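> heads up, no residue letters with this:
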């Protein structure tokens, strides 16, 4: 892949920020959008806008075809068996909440246990905490080592016959650590539990094959993988989704609703998968944009995406180690992580560091990154984070390091 050629597809990268060329290193938060995605969204609203699965007129038929084709493209991208296993949601957060309330509400009870790692994004912690207050099950948190890797021994010790589901990110959004969810999944399934994988940071950056991973659920967001905001995916094994009750009620997710005059109640038949979990008018345009983003990434090849980011991360770490006031966090073995680098600057808060870099047109993240427990393990009040994607270059890293050295 040629990042310089790729950059031509991203209009925003031509922007100047405070008279400096934009350098966007906040890709773990959200990615920029290529012209192909922007034009697909524009074309939908200009030429095909209508509700789906609702009418027989031309526009509705075109919108429905595009929306269903988007499911097919996503299913193929992650190697799901068919579109029945790819539910469109607003993002990773809603996908995890769907599992918590559509599966957990009816399958977790007092005495059961849910295993969650301490490296999780808040969206993979808070829903389980909320649900535990309703159902009374117990949450066990798996420790994280000082370098950000999962404490495998603690995982083994805390897994028990009461464990019903394990919730784990494939890639940490703070440290970039890549968890071996395939190996963990084998252990989980051998012991009769389910595995939910937060793929928000993995699906956009690594080849992900759900058949190979054998995860029961996989959640990810479109906006982190070149697509629009407000669209994401919950992958679920068909046999599990079939047994689950809907997350939300309304239009689209029903097949039939009959009113029974004798008991004054309505009898309801759920729609087929995946529509059973897509209540109301869906984000059709978001699905169209996500489809175009998936096509773009498939054309590059996810192996090439991963390789490019690893090379950038290796180069960035090497250059950043030249800076006397910079402390890097996460594993030193870069084969264990992807293109996310958390760091701190001596004498500056993470927000001060981000504001300093912003003066030179360099966009990074600062704060907890919605993962406060992991920062407590690192003994940090917050951290700065640089994260890379397909359009970033070595020259941008050089400029980034040059500015960091000015702090000295």
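Yep, it's here. What you are looking at is a predicted structure, and each value in this text was computed from that prediction instead of being measured.
> pretty sure residue 159 contacts residue 187?
Yes. Look at residue 159 against residue 187 with Cβ atoms under 8 Å: they come within range, at 7.4 Å. Any C-beta I mention is one placed from the backbone N, CA and C, and that applies to glycine too.
> distance of the closest residue to residue 372 other than its chain neighbours relative to residue 130?
The shortest distance from residue 372 to any residue other than its chain neighbours is 7.3 Å, reached at residue 122 (Cβ to Cβ, 6 or more residues apart in numbering). Look at residue 122 and residue 130: by Cβ to Cβ, to the nearest Å, they are 12 Å apart.
> these two: which is more packed in?
Comparing residue 122 with residue 130 by other Cβ atoms under 10 Å, the one with more neighbours is residue 122, at 15 against 12.
> if I pick that one, what's in contact with it?
370-372 (Cβ atoms under 8 Å, 6 or more residues apart in numbering).
> contacts only, for residue 134.
Here residue 134 is in contact with residue 105 (Cβ under 8 Å, 6+ apart).
> check for me that it belongs to a helix.
Yes. Under DSSP: H, G, I helix; E, B strand; the rest coil, residue 134 sits within a helix.
> still on that earlier bit, among the contacts of residue 122, which one lies nearest to residue 101?
When these are compared for distance to residue 101 (Cβ to Cβ), residue 370 wins out at 20.0 Å.
> what's the neighbour count on the nearest residue to residue 169 once chain neighbours are set aside?
Spatial nearest neighbour of residue 169, chain neighbours left out: residue 198 (4.0 Å); criterion: Cβ to Cβ, 6+ apart. Close neighbours of residue 198, defined as other Cβ under 10 Å, add up to 30.
> residue 198 contacts residue 96, correct?
Yes. In this structure residue 198 lies within contact range of residue 96 using Cβ under 8 Å: 6.9 Å.
> quick check: neighbours shared by these two?
By Cβ under 8 Å, 6+ apart, the residues touching both residue 198 and residue 96 are 123-124, 167, 219.
> residue 278: which of the residues you listed is nearest?
Once Cβ to Cβ is applied, the member of the shared contacts of residue 198 and residue 96 that ends up nearest residue 278 is residue 219, at 14.9 Å.
> surely residue 192 is within a strand?
No. Read with three-state DSSP, residue 192 is coil and lies in no strand.
> near it, how many other residues are there?
9.
> hmm, back to that, compare residue 159 and residue 187 (neighbour count), which wins?
Neighbour count, other Cβ under 10 Å: between residue 159 and residue 187, residue 159 has more, with 19 against 15.
> read off the pLDDT value for the spatially closest residue to residue 154 that is not a sequence neighbour.
In this structure, residue 154 finds its nearest non-sequential neighbour in residue 143, 4.3 Å apart by Cβ to Cβ, 6+ apart. Predicted confidence (pLDDT) for residue 143: 96.
> name all residues that make contact with residue 143.
Residue 143 neighbours (Cβ under 8 Å, 6+ apart): 118, 151, 154, 377.
> for residue 174, see how far away it is.
In terms of Cβ to Cβ, residue 143 sits 15 Å off from residue 174.
> among the shared contacts of residue 198 and residue 96, who's most crowded?
Neighbour-wise, those (other Cβ under 10 Å) top out at residue 219, 31 neighbours.
> give me the element residue 267 is part of.
Element membership of residue 267 [criterion: DSSP states H and E] is strand 265-270.
> please apply the same query to residue 297.
Counting by DSSP H and E, residue 297 is found in helix 284-300.
> give me the element residue 206 is part of.
Per DSSP H and E, there is no helix or strand for residue 206.
> let me know the helix or strand that the spatially most distant residue from the centre of the chain is in.
Farthest-out residue of the chain from its mean C-alpha position, per Cα atoms, centre = their mean: residue 262, at 47.7 Å. Using DSSP H and E, residue 262 sits in no helix or strand.
> which residues touch it?
Residue 262 touches nothing, counting by Cβ under 8 Å, 6+ apart.
> ok, residue 258 - how many residues close by?
Residue 258, neighbours per other Cβ under 10 Å, totals 9.
> does it count as helix, strand or coil?
With three-state DSSP as the basis, residue 258 sits in strand.
> just checking, it touches residue 266?
Yes. Residue 258 lies in contact with residue 266 (Cβ under 8 Å); the separation is 6.5 Å.
> where is the longest helix in this structure?
helix 58-78 (DSSP state H).
> in its sheet, what does the helix or strand following that helix sit against?
Using DSSP H and E, the next helix or strand after helix 58-78 towards the C-terminus is strand 86-89. Taking DSSP bridges as the criterion, strand 86-89 forms sheet pairs with strand 232-236 (antiparallel).
> which helices and strands sit right next to the strand holding residue 267?
Under the contact criterion of 3 or more Cβ pairs under 8 Å, 6 or more residues apart in numbering; DSSP states H and E, strand 265-270 touches strand 254-260.
> any buried residues in the strand it packs on, and which?
Buried residues in strand 254-260, counted by 16 or more other Cβ atoms under 10 Å: residue 254.
> strand partners (parallel or antiparallel) of that strand?
strand 265-270 (antiparallel).
> ok now the strand it pairs with, how far from the chain's centre?
Chain-centre distance of strand 265-270: 34 Å, with Cα atoms, centre = their mean, to the nearest Å.
> domain map for this structure?
The chain breaks down into these domains under automatic domain parsing: 3-25+301-406, 39-298.
> just the buried members of the contacts of residue 143?
Buried, going by 16+ other Cβ under 10 Å: 118, 151, 154, 377, out of the contacts of residue 143.
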